[in-house]
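Peer 1: with the input below, show me the fold.
(one chain, ligands or ions: 1)
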Amino acid sequence: MTIITRKDFPEYFTFGVATSSYQIEGATSADGRGPSIWDTFCREPGRISDGSSGDVACDHYHRWEEDLELISSLGVQAYRFSVAWPRVQPTGSGDINPLGLDFYERLVDGMLERGLDPYLTLYHWDLPQPLQDVGGWANRDTAYHFAEYARAVAERLGERVKSYATLNEPWCSSILSYQIGEHAPGLRNRKLALAAAHHLLLGHGEAVKVLREVVPGAAIGTVLNLNAITPATSSEQDAAAARFEDGAFNRWFLDPLLRGEYPADVWEAYGDDVPQVQPDDLETIRQPIDFLGVNYYSRSVVSADGQQQRPSDSSYTDMGWEVYPQGLSDLLLRLKADYTLPPIYITENGAAYKDTLEGSAVHDAERVAYLQTHLAEVASAVRQGVKVNGYFAWSLMDNFEWAHGYSKRFGLVYVDYGDQQRILKDSALWYRGLAGAKVPEL
Ligand SMILES: CO[C@H](O)c1c[n+]2c([nH]1)[C@H](O)[C@@H](O)[C@H](O)[C@H]2CO
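Peer 2: Next up, the predicted model:
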């Protein structure tokens, strides 16, 4: 395994850690916060593997200062976090809750006081429940409500926030949530899912227009989860299946955002389930952006029979995801080859492993190896000319892992949910050595 050091990355490269509001904050009824679709989803029996919810999570809402100290101690330059829409606008439209904005203002000012650059995500899945009561993202109005919520946040926080990402992973907020049903609101309807995907993209475009007006000096972009997709064999059937998966998973979002069009091959395959697109929608969606966030965890090996392949010579994380670092450089080089790109940030990369607390230590060698090998691929892609400006490890600390509850640990920092103690894992110490290293004299 190649040893990477700070010298393998450009001087301007930003190292950070990432979280999201519903996964760490808790305090789901504090200070005027309204219910989100995840509060509702967690109460539906069987939805969450351990029957838990984000009601307490990491109690970050009350421990935010301690957590900012923790982040600062890791030597990183930036912190990627998300704002809970239901804290700021409890019903998703109309009245703004000043106490909700107060929390994020304290948080952002706390970052700046510690020399941390705030990288804000406006939507990381916690949609106000009243919007879902009238269709959620399958309702076109939600796109416009989202832009007004973006306005409220940007007007309060302004350009203290260095970077505004509109969405986190619209594929998850639409296909995984409205078609596959694994995430809130847990529906299984492809037509609704494709409508939701379109309205998420439209909401992104409408929000970009608002942000350009309110915070013209901030970097504005969005975040996609993208996979490196490999056919299981060299057969034409598997190759065709891989092309379609690439279209449905990657290009369905990349092409509207970067080209202002849906991929024709996939559009045709969807038949009557395709979304209703108004004449100016794609022009709105393709608003120029200053960065593209890429979340990468593993590759997808696709066969015509639809069976998920598990190459026997690979290792797998606790989520059952193949450890395939080369997929990250493959993906980045493919993006460079196929699209006219803004600078890229790796906004999420990390792994869940079964962590064991030994006294006040967690020796998570597998996670160190995962981070080391994936960062080496980022460095390789940068050497090959891909403009990657930064990397955010997922996640700062163990947290609520959606349908898996607290059974999966992604953190660089171990959380003892009994007493909310935070304990640096070996991976945090390793990452500090890289992220906190002084940039070598060039
Ligand atoms: C298939 O991986 C996805 O890209 C993905 C993985 N993850 C995500 N998206 C989400 O953005 C995080 O909230 C999850 O906690 C994290 C770990 O599951």
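Peer 1: state the pLDDT value of the closest residue to Gly181 other than its chain neighbours.
Peer 2: Leaving aside its sequence neighbours, Gly181 sits nearest to Arg188 (C-beta to C-beta, 6 or more residues apart in numbering; 4.4 Å). Bear in mind the C-beta positions are built from the backbone N, C-alpha and C, glycine included. pLDDT, Arg188: 98.
Peer 1: likewise Gln309?
Peer 2: On the pLDDT scale, Gln309 is placed at 86.
Peer 1: tell me the first helix or strand C-terminal of the longest helix along the chain.
Peer 2: For the chain, the helix that runs over the most residues, judged by DSSP state H, is helix 190-214. Sequence-wise, the next helix or strand downstream of helix 190-214 (DSSP states H and E) is strand 219-225.
Peer 1: packing partners of that next one?
Peer 2: If contacts are counted by 3 or more C-beta pairs under 8 Å, 6 or more residues apart in numbering; DSSP states H and E, strand 219-225 sits against strand 163-168, helix 170-174, helix 190-214, helix 252-259, strand 291-295, strand 344-349.
Peer 1: hang on, the earlier thing: residue contacts, the residue nearest to Gly181?
Peer 2: For Arg188, the contacting residues are 178-181, by C-beta atoms under 8 Å, 6 or more residues apart in numbering.
Peer 1: so which residues on the stretch 101-250 of the chain come close to the ligand?
Peer 2: Proximity of the stretch 101-250 of the chain to the ligand is confined to 168-169, 225 under the rule C-beta under 6 Å from any ligand atom.
Peer 1: I misspoke; the intended subject was the stretch 301-442 of the chain.
Peer 2: 348, 394, 401, 410.
Peer 1: which of those tops the neighbour count?
Peer 2: The most crowded member of these, judged by other C-beta atoms under 10 Å, is Phe410 (26 neighbours).
Peer 1: buried sites along the longest helix of the chain?
Peer 2: Burial within helix 190-214, assessed by neighbour count using 16 or more other C-beta atoms under 10 Å, is assigned to 190-208, 210-211, 214.
Peer 1: how about stretch 427-435?
Peer 2: By neighbour count on 16+ other C-beta under 10 Å, the buried set for stretch 427-435 is 427-428, 430-432, 434-435.
Peer 1: and which of these is nearest to Asp419?
Peer 2: The shortest approach to Asp419 among the buried residues of stretch 427-435 belongs to Ala428, at 18.8 Å (C-beta to C-beta).
Peer 1: how much space between the closest one and the ligand?
Peer 2: Remark: distance between Ala428 and the ligand (C-beta to the nearest ligand atom, to the nearest Å) = 17 Å.
Peer 1: could you look up the SS state of Asp313?
Peer 2: At Asp313, secondary structure determined by DSSP: H, G, I helix; E, B strand; the rest coil is coil.
Peer 1: spatially central residue for this protein, please.
Peer 2: Centrality entry for the chain: nearest residue to the mean C-alpha point is Asn168, 4.4 Å, by C-alpha atoms, centre = their mean.
Peer 1: sorry, back to before: got the residues of the stretch 101-250 of the chain next to the ligand as JSON lines, with pLDDT and distance to Arg106 columns?
Peer 2: Compiled in JSON lines, those are given as follows (pLDDT from 0 to 100; distance: C-beta to C-beta, whole Å):
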{"residue": "Asn168", "pLDDT": "98", "distance to Arg106": "22"}
{"residue": "Glu169", "pLDDT": "98", "distance to Arg106": "27"}
{"residue": "Asn225", "pLDDT": "98", "distance to Arg106": "30"}
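Peer 1: closest to the ligand out of these?
Peer 2: Proximity of those to the ligand (C-beta to the nearest ligand atom) peaks at Asn225, which lies at 3.2 Å.
Peer 1: on that earlier part again, quick one: the residue nearest to Gly181 from Thr356, how far?
Peer 2: Shown here: Arg188 relative to Thr356, a distance of 37 Å by C-beta to C-beta, to the nearest Å.
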